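J.: following is a predicted model, sequence given first.
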Amino acid sequence: MSKRNAMVISVVIPTRNEAARLPDTLAAIARNQAQHEVIVVDARSDDATASIAARRGAHVIASAWVHRARQMNLGAQQARGGALLFLHADTLIPRVAFAKIGGALGDARVAGGAFARRYDSRSWFLRATCLLAEARQRAGGWFLGDQAMFVRSDVFEKLGGFREMDLFEDLDFARRMKREGRTVTLRPPVISSARRFESRGPVARTLADFLLTMRHLRGDDLSRSGSRKNTHTYEIGEGTGSL
């Protein structure tokens with residue numbers, strides 16, 4: 001593990017074939033003024049993802065695995081910041097994000113947290129799910145990956161990072177993080193892509209996500225369940241973030 005700098009926020013972005021989305025995500029990060037580093041952990045992209053990240057000053061790490069949890073853990077191992085921010089390649093943070101994180105972690109009781117989230121969609125249904133998700137976050141500290149989760153580096157190390165699960169590594173980590181201290185929900189919200197709702201529609205996709213979440217909470221083994229991420233080769237942009 002590299003030496004940590006308490007003043008630096010390390011942004012870890014797992015990617016695969018994100019050349020179309022990554023430039024906007026990196027531009028949004030660059031608009032923040034606090035000290036930070038960007039680590040892009042790329043899993044054998046067939047497009048220009050890695051070269052785009054490198055040209056924009058990110059530290060690019062090649063991952064042999066197309067596996068979000070492993071990619072994020074790999075990035076965290078190379079990070080030098082006292083705080084870790086795990087960001088999807090299609091999620092835009094506000095220009096005050098780092099200031100908000102720094103302010104939250106200025107309270108020694110806070111272990112980490114995430115941001116409220118909105119989708120880049122005019123769907124009223126998706127807007128409603130975001131409001132419900134924010135209420136869930138504030139009440140229970142249950143965060144998902146497209147909400148820009150952040151955590152103190154020492155807490156991340158204490159928890160052993162993300163468990164190498166095919167699904168719900170984000171929710172699993174958030175629930176464990178809450179046991180280490182307070183968790184907070186920050187605003188302004190991040191803006192996440194609604195692209196994953198395009199094929200099935202917002203209602204059907206959200207229902208499917210909800211049922212899958214219930215199975216996870218029930219303790220079902222989802223690694224070979226026939227879900228869209230039943231192996232280690234899924235698209236990084238996918239997730240269950242509507243819940």
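T.: Here it is on my side, so go on. Numbers count the residues shown, from 1 in each chain.
J.: got a list of contacts for whichever strand or helix holds Ala99?
T.: Under the criterion DSSP states H and E, the helix or strand holding Ala99 is helix 97-105. Contact with helix 97-105 is made by 9, 32-34, 36, 83, 85, 94, 110, 112-113, 115, 148, 150, 152, 184, 186-187, 190, as judged by Cβ atoms under 8 Å, 6 or more residues apart in numbering. C-beta here means a position set from N, CA and C on the backbone, and glycine is covered the same way.
J.: rerun at 6 Å
T.: 9, 32, 34, 83, 110, 150, 184, 186 (Cβ atoms under 6 Å, 6 or more residues apart in numbering).
J.: what does stretch 162-181 give?
T.: For stretch 162-181, contacts defined as Cβ under 6 Å, 6+ apart pick out 69-70, 72-73, 109-112, 141-145, 151, 155, 159, 216, 222-223, 229.
J.: can you list the buried residues in it?
T.: Buried residues in stretch 162-181, defined by neighbour count with 16 or more other Cβ atoms under 10 Å: 162, 165-178, 180-181.
J.: pull out the CA atoms of it and give them to me as PDB.
T.: Extracted in PDB, the C-alpha atoms of stretch 162-181 (Å, rounded to 0.1, in the frame of the first residue of the first chain):
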ATOM      1  CA  PHE A 162     -14.700  -4.500  -1.500                       C
ATOM      2  CA  ARG A 163     -15.600  -8.100  -1.300                       C
ATOM      3  CA  GLU A 164     -15.000  -9.700  -4.700                       C
ATOM      4  CA  MET A 165     -18.600 -10.200  -5.500                       C
ATOM      5  CA  ASP A 166     -20.200 -10.300  -8.900                       C
ATOM      6  CA  LEU A 167     -23.100  -8.200  -7.700                       C
ATOM      7  CA  PHE A 168     -23.800  -5.700  -4.900                       C
ATOM      8  CA  GLU A 169     -20.200  -5.200  -3.800                       C
ATOM      9  CA  ASP A 170     -21.200  -1.500  -3.300                       C
ATOM     10  CA  LEU A 171     -24.200  -2.200  -1.100                       C
ATOM     11  CA  ASP A 172     -22.200  -4.800   0.900                       C
ATOM     12  CA  PHE A 173     -19.400  -2.300   1.500                       C
ATOM     13  CA  ALA A 174     -21.700   0.500   2.400                       C
ATOM     14  CA  ARG A 175     -23.400  -1.700   5.100                       C
ATOM     15  CA  ARG A 176     -20.000  -2.700   6.500                       C
ATOM     16  CA  MET A 177     -18.800   0.900   6.400                       C
ATOM     17  CA  LYS A 178     -21.700   2.100   8.500                       C
ATOM     18  CA  ARG A 179     -20.500  -0.100  11.300                       C
ATOM     19  CA  GLU A 180     -17.200   1.900  11.400                       C
ATOM     20  CA  GLY A 181     -18.800   5.300  12.000                       C
END
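J.: off-centre distance for it?
T.: Remark: stretch 162-181 is offset 11 Å from the chain centroid, using Cα atoms, centre = their mean, to the nearest Å.
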